[in-house]
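Asker: Here is the input, now give the coordinates:
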Amino acid sequence: MDDIERLREMIGSAQRIVAFTGAGISTESGIPDFRSPGGIWSRYKPIYFDDFMASEEMRRESWRRKFATDEVMLAAEPNAGHRALAKLVEQGRMTAVITQNIDGLHQRSGVPDAKVIELHGNATYASCLDCGHRHELEPIKKAFLGHGKLPLCEKCDGIVKTATISFGQAMPEIAMARAQDATLACDLFIVLGSSLVVYPAAGFPRLAKRMGACLVIVNRDPTDQDQDADMVIHGEIGATMSRAVGVN
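Answerer: Reported below is the predicted structural model:
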């Protein structure tokens, strides 16, 4: 029996599956990993949250970068890996998709918002840092590129930022709590495309294993947690998961 057949059996016998996804699942949709050569972090020095809040110049630079690099992400489509997870959610066997990604592709693949736990936020919209009101990007883009206007909240005049977690910004408490609850309750935890180096998020696979769940890691490169896993597959996520779940 090969690894994918074993994975299929593990999925078939599990009742509360949790997926933990990182950049590797989205690179198969054409979105570069921030850390990879040519990724955003190799071209730009990160803007820390405190600098964004303190400096209009930094806020302006942040929005300039956002609109200069958005086209690839917004043009990307969910791939076979995303669709396989959506199928498991539809079947009622996957209780949550915990993701480090900010591209919204899990939702676009058909996973309901309520089942997606975004640890690093979402880059497809913006929100007010004071009152939390959601702002769509297109009006912000039009005003910024057309007139250089920085967005302010239409409800309270607060500072508006993409709904992502920046360097130096606190992790979202509610999302982290939801992720922990899902991890504690699962019987199969599948890591897909994460290097498992960014903590505290990378602690969830070990927590799942410690609580008795089976741990599977599907990633192109080795991780520091491979030795903890019940199975490790170094291969393409889309091909692996579509065969294991039985979707195209």
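Asker: any idea how far Pro139 is from the residue of the chain most remote from its centre?
Answerer: Going by C-alpha atoms, centre = their mean, the residue of the chain most distant from its centre is His147, 32.1 Å out. To Pro139, His147 is 12 Å away according to C-beta to C-beta, to the nearest Å. Placement of C-beta: from N, CA and C, glycine included.
Asker: Likewise for Glu90?
Answerer: Counting by C-beta to C-beta, the gap from Glu90 to Pro139 is 34 Å.
Asker: Same check on Gly22?
Answerer: 31 Å.
Asker: Same check on Ser109?
Answerer: 26 Å.
Asker: which one of these two has more residues nearby?
Answerer: Neighbours per residue (other C-beta atoms under 10 Å) separate Ser109 from Pro139, with Ser109 holding more: 22 against 12.
Asker: OK, contacts around that one?
Answerer: Pro78, His82, Arg83, Leu85, Ala86 (C-beta atoms under 8 Å, 6 or more residues apart in numbering).
Asker: nearest to Ile117, of those?
Answerer: Leu85 (12.6 Å; C-beta to C-beta).
Asker: what helix or strand is the nearest residue to that closest one once chain neighbours are set aside on?
Answerer: Excluding the flanking residues, the one nearest Leu85 by C-beta to C-beta, 6 or more residues apart in numbering is Ala19, at 5.3 Å. Using DSSP states H and E, Ala19 maps to strand 17-21.
Asker: distance of the residue lying closest to Ala202 once chain neighbours are set aside from Leu215?
Answerer: Nearest residue to Ala202, sequence neighbours excluded (C-beta to C-beta, 6+ apart): Leu196, at 4.3 Å. According to C-beta to C-beta, Leu196 stands 11 Å off from Leu215.
Asker: on that earlier part again, helix or strand right after the strand holding Ala19?
Answerer: helix 23-27.
Asker: Restricting the selection to alpha carbons, write that following helix to PDB.
Answerer: The C-alpha atoms that make up helix 23-27 are tabulated as PDB, following Å, rounded to 0.1, in the frame of the first residue of the first chain:
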ATOM      1  CA  ALA A  23       1.900  28.900   1.700                       C
ATOM      2  CA  GLY A  24       2.600  25.600  -0.100                       C
ATOM      3  CA  ILE A  25      -1.100  25.000  -0.900                       C
ATOM      4  CA  SER A  26      -1.400  28.400  -2.500                       C
ATOM      5  CA  THR A  27       1.800  28.300  -4.500                       C
END
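Asker: And it, what does it pack against?
Answerer: Helix 23-27 is packed against no helix or strand, with contacts defined by 3 or more C-beta pairs under 8 Å, 6 or more residues apart in numbering; DSSP states H and E.
Asker: Run a quick neighbour tally on Ala23.
Answerer: 21.
Asker: where in this protein is pLDDT low?
Answerer: 1, 34-43, 248 (pLDDT under 70).
Asker: and the protein, what are its domains?
Answerer: 1-31+78-120+171-248, 34-75+121-164 (automatic domain parsing).
Asker: and the longest one, how far out from the chain's middle?
Answerer: Meaning domain 1-31+78-120+171-248. Distance, stretch centre to chain centre, for domain 1-31+78-120+171-248: 10 Å (C-alpha atoms, centre = their mean, to the nearest Å).
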